[in-house]
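Trainee: next one to model:
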Amino acid sequence: MFFPISGAHISPIYLVIVGFLIGILGGFFGVGGSFIAGPALRAIPAAYREVAYSLGATRLQMIRKIVLPQAVGGILTGGILAISRGAGEVAPILFTGAAYYLPYLPKKLNDQFMEMGYHIYVMATQSPDVEATKPILYATVFVLLVVTFALNSTAIWIRSRIRRKLRLAR
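Mentor: A predicted model of the protein is given here:
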């Protein structure tokens, strides 16, 4: 992505996009990998593992050829849903460095960033002129809902596609 940083004035849309992406990454990494992959790995029947062992497969071969292909749909779906949830959660992001407005792009991992959920909260509760900020507030809520819906739809699409491939492989 190209971000024009050299100018004295940076467009607020770039700041919103960068802050949103940082918020998504924070939400994804805040949810542990075992929390995402655990249910998908537990859903695979033990009989599949036992058959692989009985045919002489090593543990690594069994994981790579039997377990992961069966669980990849659940792992990807869990990851996307975690990102989607992280996009809408305000409390954890609020305490990790969210700012209402920044006239610059974050340059380091520990810099403050903008996040849509926090932006909505501040505009709805602390705006001096509520009528003037309503269009911006509604647009921000709409974008957050569209992004969350798109992420959830992507998770459903990936899960159904992988399940279809697994059914065809049998």
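Trainee: okay, Val143 and Ala52: tell me how far apart.
Mentor: Computed as Cβ to Cβ, to the nearest Å, the Val143 to Ala52 distance reads 46 Å. Bear in mind the C-beta positions are built from the backbone N, C-alpha and C, glycine included.
Trainee: which one's more surrounded, the two?
Mentor: Ala52 (18 against 14; other Cβ atoms under 10 Å).
Trainee: I'd say that one and Lys65 touch.
Mentor: Yes - in this structure Ala52 lies within contact range of Lys65 using Cβ atoms under 8 Å: 7.3 Å.
Trainee: longest single helix anywhere in this structure?
Mentor: The single longest helix within the chain, with elements called by DSSP state H, is helix 130-169.
Trainee: report the buried residues of that helix.
Mentor: Buried residues in helix 130-169, counted by 16 or more other Cβ atoms under 10 Å: 133, 137, 140-141, 144, 147-148, 151, 154-155, 158-159, 162.
Trainee: what segments of this protein are strands?
Mentor: 98-99, 113-114 (DSSP state E).
Trainee: partners of the last one, with directions?
Mentor: Put plainly, it is strand 113-114. In the sheet, strand 113-114 lines up against strand 98-99 (parallel) (DSSP bridges).
Trainee: doesn't Arg49 make contact with Met62?
Mentor: Yes - taking contacts as Cβ under 8 Å, Met62 lies within contact range of Arg49: 5.9 Å.
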